[in-house]
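**Student:** return atomic coordinates for the entry below.
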Amino acid sequence: MKFEQMFGIVDPIKLAQWYTHPEGGEFLIAPMGNVKQVEENLKRMKNGKNPTDDMSLYEQKLMSCDIMATAVLLDWKDIDDRDGNKQEYTVKAGAEALYNHDSFREFVSETATALADNSATQEDDVTKN
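**Tutor:** Residues are numbered from 1 along each chain as shown. A predicted model of the protein is given here:
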């Protein structure tokens, strides 16, 4: 039995696609709500309790950006740091970019949501046939 064929792909990198931002740079983005993202959320839960219940808005935003940088925004190309040097993708660099730039976070979120919606539509089409 081939699990991925029977039950679907769980590796976010296999689900991800490269997208070019209108201002430049390319970004490897996985669908919103992928298994890795769910796992990252579950890791942060304490005794089945939502961790955001006791967090400030600042802490919630930091956590959200860290989860997105771990499971949704997976890589980038053609990105420079403040000094104009090429910046390699790391979870920390991704989380900082998502946290500090609202319009970039919206781009990643909207792209990941559209990718998830498209993936769900394709799965429905396969199931119907």
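
**Student:** so which residues of the protein form helices?
**Tutor:** 3-7, 12-15, 35-43, 57-71, 91-100, 102-128 (DSSP state H).

**Student:** nearest to H21, of those?
**Tutor:** Evaluated over the helices of the chain, closeness to H21 peaks at helix 102-128, with 6.1 Å, by Cβ to Cβ. In short, each C-beta sits where N, CA and C put it, glycine included.

**Student:** I figured T20 hits L28, correct?
**Tutor:** No: applying Cβ atoms under 8 Å, one finds T20 not in contact with L28, separated by 11.3 Å.

**Student:** okay, T121: pLDDT?
**Tutor:** The score at T121 is 56. That number is its pLDDT.

**Student:** middle-most residue in this structure, spatially?
**Tutor:** The chain has V72 as the residue nearest its centroid, 1.2 Å off, counting by Cα atoms, centre = their mean.

**Student:** quick one on the thing from earlier: neighbour count for T20 and L28, which is higher?
**Tutor:** Legend: neighbour count by other Cβ atoms under 10 Å for T20 and L28, higher for L28 (17 against 11).

**Student:** OK, contacts around the more buried one?
**Tutor:** Shown in contact with L28 (Cβ atoms under 8 Å, 6 or more residues apart in numbering): 13, 16-18, 73-76.

**Student:** now intersect the residues you listed with the strands, please.
**Tutor:** 17-18, 73-76 (DSSP state E).
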